[in-house]
Every structure is written in structure tokens, then in C-alpha cells.
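Participant: Would you be able to build a 3D model of this:
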Amino acid sequence: IISTDGVSSTIIHHSARNVNMNPTDMGLLKGFTITGNGTDNGIIPWGWWKCVLEDLVIYNKGNGIENQGMTTINNVTLTNNNRGLNNGGGMAVITNSIIWGNVEFPIWGGNTEITNSVLQGGEANIGNGSCSVCEGIITDNPLFCDTDNNDYSLAENSPAIGMGALGVGCDPIDGGDIYE
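Facilitator: Just a heads-up that it's a prediction; the model follows:
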């Protein structure tokens, strides 16, 4: 399923589970914002089929992603959830994503590969799991523009430019350097 209007305009809001993925071969979810009231799961990839999650913002859920499958996560922003990724029996490959500001852990459990991504607390902050490939992890604040109003675009001086689902959305924050 691919949004034609993009992540900023296509919002799925629900107090319970937003999206269950149980593909028979491969599933793709691209270009959505997924949110709720702080409970249940944003997305659940099931089974050992391949799921691709791309260009998503997932916030205000119990678990942003409850992974039970073989999931590829590209340019996804997981923030303000209880856990960003609850890797409860699956394998997750994360690239160019931002996992920041989640209550308990950015990632919990399972086997994870992470490249070129922001991970709050770094590899040491993965709870009850392992990171088989951890390359290019940034532990600096990604500098979201306005979290109070659920604006998870990046400040012009963000160290995470090119990561997550949204690009630059505001001027530099705190007069910091501009990353290029």
C-alpha cells in the first residue's frame, strides 16, 4: 500500500492497532503517518514473509512497530511511543531511520541490523536483544522542529538530514551548526 499524498497528508489514527501486515510473499507500506492514543501497536508485521516499511512517521503508540516477521525499515521515524520497535520474535533491518524519544527503549528484543540511523542511546540502549550489524549510528538529538505539535520534520541544523520520513521543515534550532 503506497500513499499518493505522502506522509504529511496521509494519517492513520486509531486507539488500537493501526495496521496488521500478514503478506503471503512480500508487503509494502509507504508514505503514511501512524498515530494513536499511546496504547497498542502502530504496525505489526506477522510471519516470516518479507515486509517493507518505508517513509513512515509512527508516534504516540504503545509499540511503534511490533515486529513478528522479517521486516525492512527504511526512512522511518519512530518517536513518542512506549517502545519504538518491539522486535518480539522477528528480524529487523533498519536503514536511514530515526528512533528517538520513546519512553522505555528505542528497540526491545530480537535481532536487529542498523545502518546510517539515529538511535537514542546507541547500541547500548537496545533492551534484551542484539545488533548483528551496527554501522553509522548517530546518538545526537535529531532536532525535530516542533514535537509539542507533532511536527517531526527536521531543523536545518539536524544531524539526521536524509534520515527519517520527513526532510527539513524549520530554521536551525539553538543557533547550531548546519549539517550538509
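Participant: Can you pull out the low-pLDDT segments for the chain?
Facilitator: Scanning the chain for pLDDT under 70 picks out 23-25, 48, 175-180.
Participant: Just give the number of residues close to Ile44.
Facilitator: Neighbours of Ile44 under the rule other CB atoms under 10 Å: 23. All C-beta atoms are positioned from the backbone trio N, CA, C, and that covers glycine.
Participant: and if you look at Leu53?
Facilitator: 30.
Participant: does it really touch Val76, like I thought?
Facilitator: Yes - counting by CB atoms under 8 Å, Leu53 touches Val76, with 5.7 Å between them.
Participant: Now do the shared contacts for those two.
Facilitator: Ile65 (CB atoms under 8 Å, 6 or more residues apart in numbering).
Participant: all helices of the protein, in order?
Facilitator: Along the chain, no stretch is classed among the helices by DSSP state H.
Participant: most residues in a single strand of it, which one?
Facilitator: Taking DSSP state E as the criterion, the chain has its longest strand at strand 105-119.
Participant: In contact with Ile138, which residues?
Facilitator: Counted by CB under 8 Å, 6+ apart, Ile138 has contacts Ser117, Val118, Leu119, Pro159, Ala160, Met163.
Participant: re earlier: could I have the longest strand of the chain exported to PDB, CA atoms only?
Facilitator: Only the C-alpha atoms of strand 105-119 are listed here, as PDB (Å, rounded to 0.1, in the frame of the first residue of the first chain):
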ATOM      1  CA  PHE A 105      13.500   1.600  24.900                       C
ATOM      2  CA  PRO A 106      14.100   2.600  21.300                       C
ATOM      3  CA  ILE A 107      14.400  -1.100  20.500                       C
ATOM      4  CA  TRP A 108      13.500  -4.100  22.600                       C
ATOM      5  CA  GLY A 109      14.400  -7.700  21.800                       C
ATOM      6  CA  GLY A 110      15.200  -9.800  18.800                       C
ATOM      7  CA  ASN A 111      18.000  -9.500  16.200                       C
ATOM      8  CA  THR A 112      18.400  -6.100  14.600                       C
ATOM      9  CA  GLU A 113      20.700  -4.700  11.900                       C
ATOM     10  CA  ILE A 114      21.000  -0.900  11.900                       C
ATOM     11  CA  THR A 115      22.900   1.300   9.400                       C
ATOM     12  CA  ASN A 116      23.000   5.100   9.000                       C
ATOM     13  CA  SER A 117      20.300   5.900  11.600                       C
ATOM     14  CA  VAL A 118      19.700   7.900  14.700                       C
ATOM     15  CA  LEU A 119      19.300   5.600  17.700                       C
END
